[in-house]
Structure formats: structure tokens, C-alpha cells
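Chemist: Using only what follows, build the 3D model:
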Amino acid sequence: MSNLEYYLLWLAGGLVLVAAVSAIITQRLRRSLMRRLKAVELLDALSRYSEWIAAQRRNLLFQGDVQEDASAVAEMRAIVQQWFPDLAAAAAQFFAVHARLVGFLSSQQALRLQDPEAWLESDHDVRFLEQWRELDAALERMAQELRALWDIAPAGPEPRRTSAA
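Modeler: Below you'll find the model as predicted:
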């Protein structure tokens with residue numbers, strides 16, 4: 001093997017190594033960008049869900065878990081499972097509070113239709129506001145953890161505070 005062949009072999013090996021490292025760096029940057037975009041999508045879904053919950057207090061009748069919140073909750077669940085397994089604890093807390101709130105709203109709707117007088121005496125608004133505050137805390141925890149993970153400024157899409165006042 002001549003010196004020229006030897007150097008060409010090393011050059012080819014070096015180019016292959018540079019190409020492999022470049023591909024790995026590009027893949028990691030692309031994945032990081034996708035996770036950041038998914039983080040913004042998750043914050044948007046949290047915001048839509050917050051608005052849906054606020055609307056439930058204003059609505060005369062509970063429409064069930066089939067309107068806007070269903071798509072926002074399904075979107076949040078899919079994004080967290082696929083892109084943010086490190087948010088599993090905060091998401092589990094949020095989904096548990098969501099399930100309790102939807103159950104409460106459904107039972108209140110049934111009570112209201114069956115016995116309006118008992119519904120008025122059930123102190124429904126105070127109980128709703130307690131669950132709303134719990135949901136707000138779960139939403140805020142999830143949003144803060146997400147922002148901390150990805151250093152996303154609160155100026156972007158953010159869940160609207162669902163204060164009970």
C-alpha cells in the first residue's frame with residue numbers, strides 16, 4: 001500500500017466519521033426542536049382546557065366531556081406520553097383532578113335535572129370552586145415544570161389562570 005492510498009483511506013474514514021457525528025448532532029437538534037414545539041402545543045392545550053373549565057361555571061348545563069376539553073385533554077395526554085415522560089407525575093395529578101371534576105359536574109347535572117331543590121341545597125358552587133382551585137394548582141404545576149424543562153418564557157401561550165374570583 002502506497003502512502004497516497006494510506007492517506008486516502010484515512011481521509012475517507014475521517015469523512016465517514018464527520019458525517020456520522022453530523023447526522024447525530026442534526027438528529028438531536030431536530031428532536032430538541034420538536035420537543036420544544038410540542039411543549040408550546042401542550043401549553044396551548046392547557047390554555048384551551050382552562051377556558052373550557054371557566055366556561056363550565058358560566059354554562060347553565062354541563063355538556064359533558066365531549067366538547068373542546070376532550071380534544072384538549074386527549075392532545076395533552078398524547079403529548080405527555082410521547083414527548084414528556086418526565087412530566088408523568090404532574091400529568092397524572094392533573095388527569096385525576098380532571099376526572100373528579102367531570103364526575104362532579106355530571107353528578108350535579110343529574111341532581112339538577114332530577115331534583116332542582118336538592119341541587120340548590122347541595123352547595124354546588126362552593127364544591128365546584130374547591131375543585132376548580134385544585135385543578136388550577138395542577139395546571140400551574142404542570143405548566144411550571146414544562147417551562148422549567150424547556151426554559152420557555154411565560155410570555156408565550158400560557159394557561160389562563162382559572163381563579164375562582
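Chemist: where does this structure dip in pLDDT?
Modeler: Residue ranges of the chain with pLDDT under 70: 60, 63-70, 150-165.
Chemist: So what does Ala138 have for phi and psi?
Modeler: Phi and psi for Ala138, reported as degrees, to the nearest 10, are phi -70, psi -40.
Chemist: For it, which non-adjacent residue is spatially closest?
Modeler: Of all residues not flanking Ala138 in the chain, Phe94 sits nearest, at 4.2 Å (CB to CB, 6 or more residues apart in numbering). To be clear about C-beta, it is placed using only N, CA and C from the backbone, and glycine gets the same treatment.
Chemist: ok, the one you found to Ala137 distance?
Modeler: In this view, Phe94 and Ala137 are 10 Å apart by CB to CB, to the nearest Å.
Chemist: neighbour count winner among the two?
Modeler: Between Phe94 and Ala137, counted using other CB atoms under 10 Å, the more crowded position is Phe94 (26 against 14).
Chemist: tell me what the helix or strand where the more buried one lies is packed against?
Modeler: Using DSSP states H and E, Phe94 falls within helix 88-114. The helices and strands touching helix 88-114, judged by 3 or more CB pairs under 8 Å, 6 or more residues apart in numbering; DSSP states H and E, are helix 68-83, helix 116-121, helix 124-150.
Chemist: Tell me where the longest helix sits in the chain.
Modeler: Ranked by number of residues, the top helix in the chain under DSSP state H is helix 3-58.
Chemist: Specify the angle between that one and helix 68-83 in degrees.
Modeler: If you take axes from the mean of the first three to the mean of the last three CA atoms, to 10 degrees, helix 3-58 sits at 150 degrees to helix 68-83.
Chemist: export stretch 138-148 as CSV, just CAs?
Modeler: Output of stretch 138-148 as CSV, limited to C-alpha atoms (Å, rounded to 0.1, in the frame of the first residue of the first chain):
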residue,chain,number,x,y,z
ALA,A,138,-52.4,21.0,39.0
LEU,A,139,-52.5,23.0,35.8
GLU,A,140,-50.0,25.5,37.1
ARG,A,141,-47.7,22.8,38.4
MET,A,142,-47.6,21.1,35.0
ALA,A,143,-47.0,24.4,33.2
GLN,A,144,-44.2,25.4,35.5
GLU,A,145,-42.5,22.0,35.2
LEU,A,146,-42.8,22.2,31.4
ARG,A,147,-41.4,25.7,31.3
ALA,A,148,-38.5,24.7,33.7
